[in-house]
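Engineer: Structure for this input, please:
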Amino acid sequence: MVGAAAIASFVAFGVLFSFGVFVEEIGDEFDVGKGPVAALFSVAAGLYYLSGGVAGRLGDRYGPRPVLLGGSIVLVAGLWATAVAPSLLAMYLGFGLLVGPGVACCYAPMVAAAGGWFDEKRTLAMGTATAGVGIGTLVMAPVGSLLVSGLGWRGAMGAYAVGSAVLLSVAIAGAYRPPPASGGESTSLRPMLQSHTFLVMFSASTLLSFAFYTPFVFLPTYAEEVGIDASVASVLVGLIGAMSVASRILFGLLGGHVSPTALYKLSYVLVGVSYLFWLGAGSSLGMLLGHVVVMGVGYGGFVAIGPAVLADSFGVSRLGGLIGALYTSWAIGGFFGPSSNGFLIDRYGFWAALLMSLGAMILAIAMVLRLRP
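Structural biologist: Numbering: from 1, shown residues only. Presented below is the predicted three-dimensional model:
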């Protein structure tokens, strides 16, 4: 089940977060700028975050396999529709409206089900399951770039559809519903969503999302502007993904010896500290490497540990719904964080965006420290 969840996460986030390799070619074919093409990603990502709660609750009720099956069909159909789309509007209907909900069905129900199979090593299991997110982000961008070079963007998108169908079929075969939870866990989701723990996690996650996207969107541009070679600049973001993969496993292992809540708080602190490296970097590649390493470790930590904190606090009977509901908080930062930072950079320079990101993280850390052990 852990392997199936990791494969599903690999496919879903590999497809979603490698969209950047298609932007230039799609824009050239339809004779539009990067903005309208990049909006395809915004729509898909926004719908992923907004539909995660629904997908998670369906997984709680019906088990992960039927939800993953339905999500796989929607995801593959969206990729194929994009590959044959005659216009940019058709791509909004294909990639924008279908891929996001498909990703949601591949993530929250599967990670929750993986956690439901474990008691003593649940944190490690869920950390391993979510490692697929980082691996997919790291691997699929260069693979997609090679496919675009060899097959064109339409052929590459078609290859994505076929490859996703094959890999998700393997994940579907390994998707088993966990045994019923013991101990009389609550079956009502509403009291959990209104609890102190969930509200603190949701608020902290919303604040963190305003800072999270800053290096993914702006770090390569910053590095090039201070004189770092473009090829090196592009690797910096990849290192965040690589470090996040390692940290998911590390935090999962530590979860057997340290309170998941304490590790969750630590991950937020690390993300905040990473911005101190960037603020003081100037043209120093070493300081920028410090930023991406610390950022990656913190990023992998809160993704791996967050579901375990929810499981420890509320049990696993409604874990899918809780995970999906928590990740709706990212829609706010996803829609407004990059655009706000872009405005600040255009008006005042990078330092203003970095200060805003650091300020958001200080507030997020102050909020997450309110979590009870």
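Engineer: can you count the residues close to residue 46?
Structural biologist: 18 (other CB atoms under 10 Å). Just so you know, the C-beta spots here come from the backbone N, C-alpha and C atoms, and that holds for glycine as well.
Engineer: Could you double-check that it lies in contact with residue 330?
Structural biologist: No: using CB atoms under 8 Å, residue 46 makes no contact with residue 330, being 9.3 Å away.
Engineer: shared neighbours, the two?
Structural biologist: Between them, residue 46 and residue 330 share no contacting residue under CB atoms under 8 Å, 6 or more residues apart in numbering.
Engineer: how about stretch 120-131: buried residues?
Structural biologist: Of all the residues in stretch 120-131, those buried under the rule 16 or more other CB atoms under 10 Å are 121-131.
Engineer: Can you pull the poorly scored residue ranges out of the stretch 201-350 of the chain?
Structural biologist: Within the stretch 201-350 of the chain, the stretches with pLDDT under 70 are 217, 230-231, 233-234, 334-335, 338-339.
Engineer: How about residues contacting stretch 281-301?
Structural biologist: 134, 212, 215, 219, 223, 226-228, 232, 236-237, 239-248, 250-251, 263-264, 266-275, 277-278, 280.
Engineer: For ChimeraX, write the selection for the buried entries among the residues you listed.
Structural biologist: Under the burial definition 16+ other CB under 10 Å, those of the contacts of stretch 281-301 that qualify are selected in ChimeraX by:
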select :134,212,215,219,223,228,236,237,239,240,241,242,243,244,245,247,248,250,251,263,264,266,267,268,269,270,271,272,273,274,275,277,278
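Engineer: State the distance from residue 352 to residue 295.
Structural biologist: Plainly put, residue 352 is 19 Å away from residue 295 if you go by CB to CB, to the nearest Å.
Engineer: which of those two has more neighbours?
Structural biologist: More crowded of residue 352 and residue 295, by other CB under 10 Å: residue 295, with 30 against 15.
Engineer: quick one on the thing from earlier: and the buried residues of stretch 120-131, which is closest to residue 91?
Structural biologist: The closest of these to residue 91 turns out to be residue 130 (CB to CB; 29.0 Å).
Engineer: mind checking how far that closest one is from residue 328?
Structural biologist: 17 Å.
Engineer: ditto for residue 249
Structural biologist: 27 Å.
Engineer: What of residue 48?
Structural biologist: 10 Å.
Engineer: for residue 23, same thing?
Structural biologist: 26 Å.
Engineer: ok, which stretches of the stretch 151-300 of the chain are helices?
Structural biologist: In the stretch 151-300 of the chain, the helices defined using DSSP state H, counting those that start in this stretch lie at 190-193, 196-212, 214-225, 230-254, 260-279, 285-314.
Engineer: So which of the ones you listed is nearest residue 99?
Structural biologist: From the helices of the stretch 151-300 of the chain, taking CB to CB, the stretch that ends up closest is helix 214-225, at 18.0 Å.
Engineer: next one: the closest one to chain centre, how far?
Structural biologist: Centre-to-centre, helix 214-225 and its host chain are 19 Å apart (CA atoms, centre = their mean, to the nearest Å).
Engineer: how about residue 316, secondary structure?
Structural biologist: Following DSSP: H, G, I helix; E, B strand; the rest coil, the label given to residue 316 is coil.
Engineer: Check the burial of it by counting its neighbours.
Structural biologist: 25.
Engineer: okay, now residue 283: neighbour count?
Structural biologist: So residue 283, with other CB under 10 Å, has 11 neighbours.
Engineer: quick one: it and residue 162, what's the gap?
Structural biologist: Relative to residue 162, and taking CB to CB, residue 283 is found at 44 Å.
Engineer: In contact with the closest residue to residue 298 other than its chain neighbours, which residues are there?
Structural biologist: Of all residues not flanking residue 298 in the chain, residue 270 sits nearest, at 3.2 Å (CB to CB, 6 or more residues apart in numbering). Shown in contact with residue 270 (CB under 8 Å, 6+ apart): 294-295, 297-298, 301.
Engineer: relative orientation of the host helix or strand of residue 326 and helix 196-212 in degrees?
Structural biologist: Assessed by DSSP states H and E, residue 326 sits inside helix 319-327. Relative orientation of helix 319-327 and helix 196-212, computed by axes from the mean of the first three to the mean of the last three CA atoms, to 10 degrees: 50 degrees.
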